[in-house]
Every structure is written in structure tokens, then in C-alpha cells.
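In: coords please:
(2 chains)
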Amino acid sequence: MTTVTGNQSVPSSAPIVLETAAVKNWKAPVALGFFAILALLLFGIFGRSGTSTFRLSTDTDFFQIPVIPVDARPASLVTSVVLVLIAAWVTTLVRRARRVPLWVIAVFAVLFLFTFLVWASAGLRSIPVAGLLVGAVGLSVPLIFGALGGVISERVGVVNVAIEGQLLAGAFVSALVASATRVPLLGLLAAMVAGMLVSFVLAAFSIKYFVDQVIVGVVLNVLVIGLTSFLYSTLLSPNQATLNSPERFQRINIPVLSEIPIIGPTLFRQTVIVYIMYVAVVVIWYSLFHTKWGLRLRSSGEHPQAADTVGINVNRTRFWNVSLAGAIAGFGGAYFTLGSVGGFSKEMTAGAGFIALAAVIFGRWDPIRATLAALLFGFATNLQSVLSTIGSPVPSEFMLMLPYVITIFAVAGLVGSVRGPAASGKPYVKG
Amino acid sequence: MTDSHLSPPVGAQPETPPTSRFSGVLREITTGNAVISVLAVVLALVVGGILIALTDPGVKAASGYFFSRPADTLQAIWTSVSGAYVALFQGSIYNFGRPDFATGIKPFTETLSFATPLIAAGLGVALAFRVGLFNIGGRGQMLIAAAAAGWVGYSFDIPFPLHLIVALLAGIAGGALWGGIVGLLKARTGAHEVIVTIMLNYVAYYLIAYLLRTPGLLQAKGSSNPKSPAMKTSAIFPDLFGPNYNITIGFLLVIVATVFVWYLLNRSSLGFKFRAIGENPHAARVAGIDVKNMYVYAMLLSGGLIGLAGANQVQASITTGFGSGIDAGIGFDAITVALLGRSKPWGVFVAGILFGAFKAGGFTMQASQGVPIEIVLVVQSLIVLFIAAPPLVRAVFRLPAPSTVPRTRPSKISGRKAVVTK
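Out: Predicted coordinates:
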């Protein structure tokens, strides 16, 4: 107590200035300002004139919503001015050292997108909004499964760069098994086993032999690419009819829900893989943060020594959860063959695993956010194909580039320095 | 945190039972890194051989009557596997089917020419690894570099040695620029370099694809293909041993680059800072090293080395004009090369030549034996996996553990430190 009173006598000479942690992060206003001014100049002031139309319902919908026409110039001007206002508001928020709420950024993004679409489709055919979203979900499915696998694996403390390999193994094996047995469901199961096998190697090398996890992951990708391409050339390609023509899953319409405008066709007229994906996202999110399993998993990845102290077998937890992650990613790989394309082809995942990895980090190792990030990637990719079919003036390469550029901006500006699970990537040696 | 699990605890050494000098040397040899590397290659080739045999149609036919005439199956296995590996050797090292040494050695020069960009890009990836950065952006950096070097190479009229140098420097600068963006973003905003490099790969790919298909930019005049004009001869790397061999001065440049990276990492103050950050960025910062700037420098250098690979692609490998696939997957191969070389300059050099040999031999194997070239990917990745896990190789070949003392449980004092602290 004496020391406290002693301290209190000091301020008379030098008043204590309470230090407030006023962290002003200028990344968000700078990024938003850039995009707002871009929108104002490109879409608003030097925009294109004409009418843009948005087709909100498909022909088979129960409820038909009339086509919405928008006059491009004034609409773009108005929305881009709103964008500038939002950016200005965020700037004042940061100046007063207040937090920028996430919904502001979400609203900004949606408005920017709308402005862009109005500008891009001015005077052209109407934009099929439902088709845009349906395709986006379809393209996101393997990314989401891959990202879920990545989240689980990294949360338990093993960096999973091998998502690409797990997806590709799943795609290959599911096509092979589904074609040979003529039962798509068996193909799905086989895909999970294939992804799990890839994970076994990852787990064995990183947990038992303490090999750098990133190294194992990268090498596993090459190994799986090599194996599947080799077997494709020697096995599948000569026997295309018997070994590489799996039956695809049919779309299932959920009775009432599928009739909701926009949402219905997007979410509830999909294959069984997509429905399982909805369940998987929710279950994994809930289990990760609200069950004993999730707590053990996360503690193994955050502080394995502490986890060990309370009696968790860290390496066993890691091994089986990495295997689970592989099974999930492998399941997603099956979507390439059983859900969308049909047959397997060489390197058909085309880097989806790396995009899923980006979604994991972009989504800050959280299943829901990672799913949203994966949806963003899928959406941007599909936006490009929709815009090129309606004949938009933007070169398709730049549209294809967009998701990646947005990700760079997002990672540099909004997400910034993210912190993953503390012990992720480090082998645990019981000492 | 030294390699305490590799060397026996100091206090345990006097207990070493006296062994004869011969067995000590033998033990040294059988447990050394070189043996592990050789055995890893052997093991990988065995697995590759099994795959080749399993998928060979001749083997399949003979195995149908295995129980009546098993020798046929074995014969078929031998034919398929030995045929493939002989073709691999003849396509990459020396072709015994040629009359004299001058033509017989041609495959080896092919190997070196395939190895050239692999070594350059591998050095770039390895350099980044040593600073603790994971540069997956080799593809993008190579594409930008190739485009820059290619553009200088076909559009200007400059006399011979100068043109070559300017184009080369443009390529290196292009790669350095694309890598430097990553370093800058990492240093200034903390963006994760893995994401940024992956994203920049795609950005570069689509950017180059756009430039190549748009008339007036990189596209050749009067053509509708997405391809650039051919390089001017003054910008092409001259051949080292005449037009019969595919090896150019690019290989010399790569040797220079290897020496440069070796000097940089092991002898210069910048390299010391790099390695310090790679070991522990927090400690490096405490020691007064400007970690953020070092990230930028490291990525600039890494990108520049990969840029050398990109320039080599347009100035030596494909001089008739490039498309958007000019990187030929080298950016990703470079990661495995760097891993196999354990991120050490000369290790990368040797690993690059090994992978170059696989590439050169793989094409011959595919053409003459009908074994798809992808088997090379399998063998390469298995080699890296096995080399990364010496205990596994030792277990397979039943080699003794490296310590000369019987493995003792580490005592509490000298025990291994758990790698868990933040």
C-alpha cells in the first residue's frame, strides 16, 4: 500500500497521462477510398450509357419477378457517390480511432459490385442473377471443402499445403470407383479414403519424422499430380468407357425452399454433395468451437505443451484430425468428377487447392469465414464467364484476374497481419 | 535448439564402447547424408519401377497365366522396368547407341540445358526459404520476366552482346519487380506471402495472356495466335559448344548465380541478416536487424533469380516467340529443387541437374518406351520425401541410427526442448 501512495504523490510534479491504445489503422480507408474513386471515375463520370437489366428469376420459378431495368449512367453516378461517402465516413471513424464495423465493408463491396455490373452490362443482354449465383456456388464447392480441411488441419497444428493433392486424389479415385462400380455413392466414399491416404502421408512425415510440414505438403501435391496423371495415361485413358465415365449426381430440388426467388435456385436446387456441404460447414463450425473435440483440437494447435499437460495425446489428436481433414478435402475433390464435369482429366483441380489455402488464411482459420472467402472466389470466377457471355467490354483476362487482385487487396488492406494457430507448423516433441 | 536429436548428448560420449576403426568408418559412411540421398534416389526409383511394371500391358498379359508360367511375368516386368530406366539414362546422361563420344554425350548437354532454369529458379526459392519466406510465386515471376526479356529481345535493334545483356537485365528486373511486390506487401502490411505469391501467379498469367492476344502489345504482327514475335538473334544466348549441343551460356550464368548466392548467404553481411531472420525473426529484430526491409530485399533477390530462369526461357530454350505457358511449370518444380537441395546453393545446383536429367530422360522414355513422363514427377517427389525423412530410409534399408552410442533416453538436463514456445 505504501508504494501506491508514494506513486500517487508523484503526479503533482509530472501529471500521469493515461496511455490509450489508439491504434489507427489506415489500411481500410485507403483501400475503400481507392475503390470508391475508381468507381466514381470509371463507372460514374466516364461511364457508359444504356440500360442494364437484371433478371432475378429463372424461367421455371414458381414466383416470377419482373426484370429490373436500370439506367446505367445515373445509377452508376448515384451508387459511386454513395461509395465515396462510405469511404469518407470510414475515414472519419478511423480518425476518431473507432473500429470499422465489418458490415460497412460488406455493404461497400456489394454496392461496388452492383455499380460494376450496371456499368459492365449497359446496353447489353440482361444479367441472369440467379444463374450467376448458382454457378458461383457450384464453383465454390470444392474450394469450401478444401478450406474446411485446411482449417481443421491447421487448427490442430499441421499446415496443410497438400489440399490440392487431396482434392486431386479425391477427384481421381471417385471417378475410378464410381465408373467401375456404377455407384456414385461408393465413389464419394472412395474419395474420402483417397484424401485420407494423402493425409496419412502428411501426418506420418510431419508428426513421426518431424519433416517440415510445408515441404511435405508441397511434395505431396507433386506426388499426387504425378500419380494421377500417370495412372490416367496408363489406366483411365485407354479404358475411358469402363473406368472413366462415372454417373453424375442428379440435382435434387428441395420441395418448398427451392421455389424462393433467387435463394431457391441458388441454394436448394443442387446435388447431394452441396447439401452435405451445408451440413459440414455448420457441423464443423459448431464442433470446433463448442465441443470437447474442438477444444482438444484447438489446444493441440495453439499450445501443445499445455494440451499435453492436461492429458491430451497431442500427436494422436493431430494424426486423426489431419486424416479427417484429408477425408473432407477428398470429398470435395469428388465434386469435380461426380458433381460437375463427369470424367477425370489430368490436373483437373487446376490450383483449386491453393485457392482453398488462400481462403483458409483469408478466412482467418475460421470455418464460416473461410467458406465465405471460398464463395467469393467462386463468385468472381463465375462473374467472368457470365459477363463474357453477355458480351461485356471488359477483357475476360481482367475479369479472371479480379478475384486474385481483390484477395491481394483484402489481405494487404483489410485482413492484414493475420495470426494463425500458434503452434501450427511446428512438430510437437514430448520432452 | 541445435540438432540435439542428431548428435548424442555430450556427457554420454565417454561411455562409447571402443570400436574398431573400420566399423567406425563404415558406420560413418552408412549413416552419412550422402548415403541417405543415394538410397532415397534408389528407393524412389524402385517405387517408380513398381508403378511402371504394374501398369505395363505386357506385364498384365503375362500375369494372366502367372501360375502356369511365372517366369513370363518376371520377364515382362524386367523388360518394362529396365527398358524404361535404360531409356531414362540414355536420354539424360549418355547414349551408348551412338558411335562416338561427341554424339553419345549429347543427352547430358540436354540435361544441363533443362537444368539451367531449374537451378536459377531453385536458387530463388531457396534464398527465400533461408529468410523464412515461402515463395510459391515462381510461375508469375517467370512469366513477367520472360515477357520483359522477350519484349526487349524482339522489339529493339541493339548490337549483339549489348542486346543480350539488356534483355537479360530486363528479365531479371521483371522477376525482381514481381517478387518485390510480395516483399513490400509483407513488410508494409503484413500480408501473408503465401497468399500473395499464389494470387500474383494468376494475375501474371492473365496479364500475359491478355498482352499476348491483344494486337499492338505483345502479339506478333499479322498473327492471330496468342504468341509473341521471334527473338532477334542478337538477344539469344550463344551456344557453348557449337550448334550441335543445346547448351548455351545460360548454364554459365547459372553457375555464376550459384556462386553469387553462396557468397551472399555465407560470406556477406546481408546474407547473415537473411539467415538470422530465417532462424528467428523476433531475435533478429531484437538484435537490431531491420526485418521488414530484409523481407523486401530477399524477395527482390529471389524474384530476380527466378527472373533469370524466365529470361533463359525466352533467350535460350524457346526463342521462336513465347506463349502464356512459357514458364513450363518451372516455377513449381523450383520448389522441389530447392527442397531437395536443402536450400543450400550448391545443393540446389546438384538437385537442379538431377531434375534436369529426369526431365530430359523422361521425354526419351515417353517417346521410346511409352511410359508417360508423369512417372518422373512421382520419382522426383518421392526422392524429396525420402531425403526429408532419413529415419524412414534407414528403416527400409535396416541401417543403424547415426549416433554411435546406443540410443539413450535424453536426460532431463540435456533433453530435447519442446518446440512449443511462441
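
In: list the contacts for the spatially most central residue of chain A?
Out: Taking Cα atoms, centre = their mean as the criterion, A:Ala374 is the residue nearest the geometric centre of chain A, at 1.8 Å. By Cβ atoms under 8 Å, 6 or more residues apart in numbering or on different chains, A:Ala374 lies in contact with A:140, A:143-144, A:146-147, A:355-356, A:359, A:363. Where C-beta positions appear, they are placed from N, C-alpha and C, glycine not excepted.

In: nearest spatial neighbour of it, skipping sequence neighbours?
Out: A:Leu143 (3.8 Å; Cβ to Cβ, 6 or more residues apart in numbering or on different chains).

In: quick revisit: from the contacts of A:Ala374, which single one is nearest chain B?
Out: Set against chain B, the nearest of the contacts of A:Ala374 by Cβ to the nearest Cβ is A:Ile355 (7.5 Å).

In: now do the closest one, the pLDDT please.
Out: On pLDDT, A:Ile355 comes in at 86.

In: and the helix or strand it falls within, what other elements does it pack with?
Out: Per DSSP states H and E: A:Ile355 is located in helix A:352-362. Judged by 3 or more Cβ pairs under 8 Å, 6 or more residues apart in numbering or on different chains; DSSP states H and E, helix A:352-362 is in contact with helix A:129-155, helix A:163-181, helix A:367-389, helix B:193-213.

In: which outside residues touch it?
Out: Against helix A:352-362 from outside (Cβ under 8 Å, 6+ apart): A:142-147, A:149-151, A:154, A:160-168, A:221, A:329, A:369-371, A:373-374, A:377, A:407, A:410-411, A:415, A:418, A:420, B:136, B:192, B:194-195, B:198-199.

In: check the offset of stretch B:315-334 from the chain's centre.
Out: Relative to the centre of its chain, stretch B:315-334 is centred 15 Å away, using Cα atoms, centre = their mean, to the nearest Å.

In: now do the end-to-end distance for it.
Out: 19 Å (Cα to Cα, to the nearest Å).

In: name the residues of that stretch that are buried.
Out: Within stretch B:315-334, the residues that count as buried by 16 or more other Cβ atoms under 10 Å in any protein chain shown are B:315-319, B:321-322, B:324, B:326-328, B:330-334.

In: and what of stretch A:197-214?
Out: Neighbour counts using 16+ other Cβ under 10 Å place A:197-199, A:201-207, A:209-214 of stretch A:197-214 among the buried residues.

In: sorry, back to before: tell me which of the buried residues of stretch B:315-334 is nearest to A:Gly264?
Out: In terms of Cβ to Cβ, no member of the buried residues of stretch B:315-334 lies closer to A:Gly264 than B:Ser324, at 39.6 Å.

In: once you drop chain neighbours, what's closest to the closest one?
Out: Nearest residue to B:Ser324, sequence neighbours excluded (Cβ to Cβ, 6+ apart): B:Ala209, at 4.4 Å.

In: quick one: residues contacting that neighbour.
Out: For B:Ala209, the contacting residues are A:397, B:226, B:324, by Cβ under 8 Å, 6+ apart.

In: do A:Thr91 as well
Out: A:29, A:33.

In: okay, buried residues for whichever helix or strand it is part of please.
Out: If you go by DSSP H and E, A:Thr91 is part of helix A:72-95. Within helix A:72-95, the residues that count as buried by 16+ other Cβ under 10 Å are A:72-73, A:75-77, A:79-80, A:82-84, A:86-87, A:90-91, A:93-94.

In: that one: how far from the chain's middle?
Out: Taking Cα atoms, centre = their mean, one finds helix A:72-95 lying 27 Å from the centre of the chain it belongs to.

In: state the next helix or strand along the chain beyond it.
Out: Following helix A:72-95 toward the C-terminus (DSSP H and E): helix A:102-120.

In: what about A:Ser126, neighbour count?
Out: Using other Cβ atoms under 10 Å in any protein chain shown, A:Ser126 has 16 other residues around it.

In: ok, and the closest non-adjacent residue to it?
Out: A:Thr53 (3.7 Å).

In: and A:Tyr232, by the same measure?
Out: A:Lys346 (5.6 Å).

In: contact partners for the one you found?
Out: So A:Lys346 contacts A:228-229, A:232-233 (Cβ under 8 Å, 6+ apart).

In: then A:Leu188?
Out: By Cβ under 8 Å, 6+ apart, A:Leu188 lies in contact with A:174, A:178, A:273, A:331, A:334, A:338.

In: okay, and it sits in which element?
Out: Element membership for A:Leu188 (DSSP H and E) is helix A:184-203.

In: tell me which parts of the stretch 251-400 of chain A are close to chain B?
Out: Residues of the stretch 251-400 of chain A found near chain B (Cβ under 8 Å from any Cβ of the partner chain) are A:303-305, A:351, A:354-355, A:357-358, A:361-362, A:395, A:397-398, A:400.
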